[in-house]
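> sequence below, structure please.
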Amino acid sequence: MFSTCKLVSFLQLVKSRHSTRQFTGETIPDSIIDKIIEIASYAPSSWGGHPVEFITIRNKETLKKLGDCKAMGDGPLRHSDVAIVPIIDSTKLELWKEDASVVSTYILLAAEYFGIGACWIHMDGRDGKFKSSWNNWKLWKN
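Numbers count the residues shown, from 1 in each chain. Predicted structure coming up:
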């Protein structure tokens, strides 16, 4: 049966979500990060394959290196406590960008649900010091 109560709660969550570009410096507990990733893992995917892997990055030097994949627009990343990077092997799936986008939306909504500021930062094909490639992401796990 259709629940108006659930609709109102979800609508409030969606309306309250915004991009945060300045952070408090607080450490986000691993248990919350794990829940956000769990929620994101339920995002729909093309052909139901759920091809996404998640990398969490907390190391400040690695966050800086990740930011260096972009020529600009990486400020929030450099000052965050953690980055959750959804990755998909583009050689194995035609609609990898779409799947990554849907997963990213789930991450942002889950972060809002837990009261955590978040910002979506596009990395694919950006002109920075480093290339944002599948192999680089795999190496940067920590």
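
> give me the number of residues near residue 96?
20 (other CB atoms under 10 Å). (Glycine included, C-beta is placed from N, CA and C.)

> who are the contact partners of it?
51, 88-90 (CB atoms under 8 Å, 6 or more residues apart in numbering).

> same deal with residue 105?
Neighbouring residues of residue 105 by CB under 8 Å, 6+ apart: residue 43.

> in PyMOL, how would I select just the buried ones from the contacts of residue 96?
Buried residues among these (16 or more other CB atoms under 10 Å), as a PyMOL selection:
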select buried, resi 51+88
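
> residues near the closest residue to residue 46 other than its chain neighbours, how many?
In space, and not counting its chain neighbours, residue 46 is closest to residue 95: 4.0 Å by CB to CB, 6 or more residues apart in numbering. Residue crowding around residue 95 was assessed by other CB under 10 Å; the count is 16.

> can you check residue 41 too?
Residue 41 has 15 neighbours, counted by other CB under 10 Å.

> surely it meets residue 52?
Yes: between residue 41 and residue 52 there is a contact at 7.2 Å, judged by CB atoms under 8 Å.

> could I get stretch 39-51 in CSV with only the CA atoms?
Only the C-alpha atoms of stretch 39-51 are listed here, as CSV (Å, rounded to 0.1, in the frame of the first residue of the first chain):
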residue,chain,number,x,y,z
ILE,A,39,23.1,1.6,1.1
ALA,A,40,24.9,2.5,-2.1
SER,A,41,25.4,-1.1,-3.0
TYR,A,42,21.6,-1.4,-3.4
ALA,A,43,21.6,1.2,-6.2
PRO,A,44,20.1,-0.2,-9.4
SER,A,45,22.5,-1.0,-12.1
SER,A,46,22.3,-1.8,-15.8
TRP,A,47,21.4,-5.4,-16.4
GLY,A,48,21.3,-5.9,-12.6
GLY,A,49,25.0,-6.6,-12.5
HIS,A,50,25.9,-4.4,-9.6
PRO,A,51,29.4,-3.9,-11.0
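
> could you pull out the buried residues of it?
Neighbour-count burial for stretch 39-51, with 16+ other CB under 10 Å as criterion, is recorded at 39-40, 43, 45, 51.
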